[in-house]
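*Asks:* here are the coordinates; sequence isn't available:
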């Protein structure tokens, strides 16, 4: 591997979420991001998905650090799991990101497990034979960074998630010149965020959203409720400013909203007269048009504050006709239905509701095609690898790079698990890692294996049938009438008839069994026969085969 | 009810899908549409959702006919269930719609159960004291109709689903003048399709799609595969014409595609040289750029032809680099994730893929805001009720009507189950019907009750634990060691430890039980105590309470 750098994506390439990439020289390695992914399999108890760290453990001694590009869950959420798995290395993160990581570590009881270092834009960090310099980018969370990685064979730029916003809600504009200057000096490899490559139009700037929000705020007669990602601290800072300007009190609802406002105040992104923050249970003491509520739940999460408000089941917030609800957020793919239901419920409360389909109340944190093109033009990399996107996004982004001057043979689409080695001569696929993800069961963190998920799927679709009987241990004689119990099989009114019929099937199996016993057959497989015949019976009668558990108790 | 008309929506108002509305005078009643709805609850065995016909059965003798506005499943799919439930009345449908209904009835073995009458645009049908005249509208299925219903108190117009397309793929342009003329004479009530009210822009015309498809066809080098709703016969007719013009053979894959092409040929919408239709297993005999494949599966349905093709598991179609796949369809809300996965898989095959996010290869069949406004302006109704839409669509459409000249107090948002009576004096809410929907289990049509769904949800999330032991009937003495079996609880490597621990919990319950027996306690509730303690144990150890089934066999 001398004279080359190896890159292995463990997540985020071929999917949106769970970003995690290992960058290795001959001597050392760093992990860029270590995120988790939420799953549409939550019906089956899957809380979220994390990378399979058993692969990384093989390189435990080589890995020197984890770099977090920003504080979103899909970039930092799996760090506690990595540490628990045994990857105990220093973490580097910008100030606000480090606060977010600190909270995750605290929650997992790992606050002192590894050093957590604050990195600053422009400040180089030496890790073995690499020098990593974080540089400021704009995104939907403050303090986001790209990483400029100087390796023995040349400079690699990893953009993290980014957009180019000349007027961000909070903080400075990203340092375009740093990218341009590096480009002029020569960049070996650019790896760039592909999320929004399908969007042809220029992205909406934060400034435009600010103006829009001020406009709709000015027209509102009643209480204003803004729901948003609690990590969008820039937007929050903007709303705090607006509230101060308009003389509104702010109340928060939702645990992560309270937590992140606290962190943003610690960081300095939000400063607001303490006296103007009120507790959510105090809102009725103020004129409704003097209150701004910030709430979690913009993705339609069933247990969120906003969902309780939408169903008029919140302890303190009850919407009325003059109230205005703003969903200042995008829809994470897969959440369209719950968000749609949420919006309909808010309408049923009589409130006025604004959301991105009908009003510019949100802008994405990811660069669209024209900005992505600009990035490639500025950096002028020799090699290009699209990152952070579903497979089609990676392909579109690769095509864009080829159209924008990168030589076609130097553009490389790789997916999770596909390790490549890059040298000044070219890119070579060197290994394919499989079994990349672990489904996490509930908050306890147990793994849901494929077999377990399959069992749960079957139970969900067809229910379970238990057939039980007692048998004399010595003689094999049946001691009891068989009993059948069902859960989730059919509705109650159908069940008793169905079970009576099923018992006659079991009786038939039992008469064959008794005959076999008399004939001296040794250990006939009674349980398996019951299972097979019952599944056939149910397939005939309800059109599907439930999970059948035959239980024979030898007394 | 004299001097009034009662309207009861059983589905489709407050949701997209399962359209079904009863329109009653004092003497008679007609059912407008009788559709089903697909469900995101398919994990739990819910095949689809249908109206609860027990309400309609109470009015069985009054209901004289079912009118189907067009042939989509959400307008005709529940007709067989209505008939089975006992609503055996004549069905009226336009020609192509009647063919679609006929197939549904055939499949259910109900072909001769009720008269199926073909209605023609402009041809009035007398039902009791109502006269119903179907009028042509444009939509994403041919032969769609609005219904003009003359009642003793005035004219009611029910638009069905519609758009105004001056250049439909197939058939005539909708008869705007009929709407305008009725408007001039005076319309009591307009009920109009709300689906696309949130779209501000003019809808794309079919003609534009035709031109676009011809363009991309001309550029394609390999095989072309178009996936679309198999009911979009107009688009199909257009593609057949294009294939003929370009000298391509057509092959079909997917059962409903084959069925609907057959119906469209019977109807006359598609005429194509028989010799140019080839069987899907013959495509390899032709040059790839001489073959057009039409396929189902545009919604990412796991068992569809296109999904098999995307995973390279189709018997006859294997995509290569020069091939072009076009998804000429919209995304039904809730299907975003499976469609996204499908597109990514098609990209992985190396094919060139076009879909509505990146190219105009589809247009919606529903009028957007400007057309909806025009409809209200033409009809100038005294009363307005928005139909076919989620609750927020109904509200937006109601607001539009009020802005477009309908008196605000004559605009009425009603939801499923809210029966109103309309008279020239006003609209009055008269009844609220509840329990409106029936979840249908698998293809067998059994009902999934709330309790059953709850059981399946629990099984899916936490699995099931069975604890079994045998007891002497007379003495209550425990005869066997308890056994615990689990399905879907935790992964295999964790399970054995967990069950061993759980058995010690059962042992503790048993020792209390034995003590109680000795103390002469009559019939201590052993099963329930085991259930409670095991659930507590699992909550401590895996963070959730599985379904626990204690089974005590009295021998």
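*Replies:* Received it, and whenever you're ready, just let me know what you need. What you see is a predicted model; the values in this text were computed from it and never measured.
*Asks:* ok, what's across the strand from residue A:66?
*Replies:* Using DSSP bridges, the beta-bridge partners of residue A:66 come out as residue A:31, residue A:91.
*Asks:* who's in contact with it?
*Replies:* Applying Cβ atoms under 8 Å, 6 or more residues apart in numbering or on different chains to residue A:66 gives the contacts A:30-31, A:33-34, A:79, A:82, A:87, A:89-92. (Glycine included, C-beta is placed from N, CA and C.)
*Asks:* for the residue in the stretch 401-550 of chain A positioned nearest to chain B, grab the count of nearby residues.
*Replies:* Using Cβ to the nearest Cβ, the closest approach of the stretch 401-550 of chain A to chain B is made by residue A:460 at 3.4 Å. If you count neighbours by other Cβ atoms under 10 Å in any protein chain shown, residue A:460 ends up with 24.
*Asks:* now it: closest residue in space that isn't a chain neighbour?
*Replies:* Distance criterion Cβ to Cβ, 6 or more residues apart in numbering or on different chains; nearest residue to residue A:460, sequence neighbours excluded, is residue B:460 at 3.4 Å.
*Asks:* you'd agree the one you found is in a helix?
*Replies:* Yes - when classified by DSSP: H, G, I helix; E, B strand; the rest coil, residue B:460 is found to be part of a helix.
*Asks:* please report how far it lies from residue A:547.
*Replies:* The gap separating residue B:460 from residue A:547 is 12 Å, by Cβ to Cβ, to the nearest Å.
*Asks:* now for those two: what residues contact both?
*Replies:* Residues touching both residue B:460 and residue A:547 (Cβ under 8 Å, 6+ apart) are residue A:459.
*Asks:* am I right that the residue nearest to residue A:460 is in contact with residue A:46?
*Replies:* No - between residue B:460 and residue A:46 there is no contact under Cβ atoms under 8 Å: 10.4 Å.
*Asks:* what residues are shared contacts of those two?
*Replies:* Any residue near both residue B:460 and residue A:46 by Cβ under 8 Å, 6+ apart counts here, and not one turns up.
*Asks:* contacts only, for residue A:132.
*Replies:* Counting by Cβ under 8 Å, 6+ apart, residue A:132 makes contact with A:30, A:67, A:92, A:124-126, A:147-150.
*Asks:* that's a helix at it, yeah?
*Replies:* No - assigned with three-state DSSP, residue A:132 falls outside any helix and is strand.
*Asks:* what's opposite it in the beta bridge?
*Replies:* Beta-bridge partners of residue A:132, as defined by DSSP bridges: residue A:125, residue A:149.
*Asks:* roughly how far apart are it and residue B:66?
*Replies:* 70 Å.
*Asks:* okay, now the closest residue to residue A:115 other than its chain neighbours: neighbour count?
*Replies:* Leaving aside its chain neighbours, residue A:115 sits nearest to residue A:90 (4.3 Å; criterion: Cβ to Cβ, 6+ apart). By the measure other Cβ under 10 Å, the count of residues near residue A:90 is 14.
*Asks:* surely residue A:90 touches residue A:114?
*Replies:* Yes - counting by Cβ under 8 Å, residue A:90 touches residue A:114, with 6.0 Å between them.
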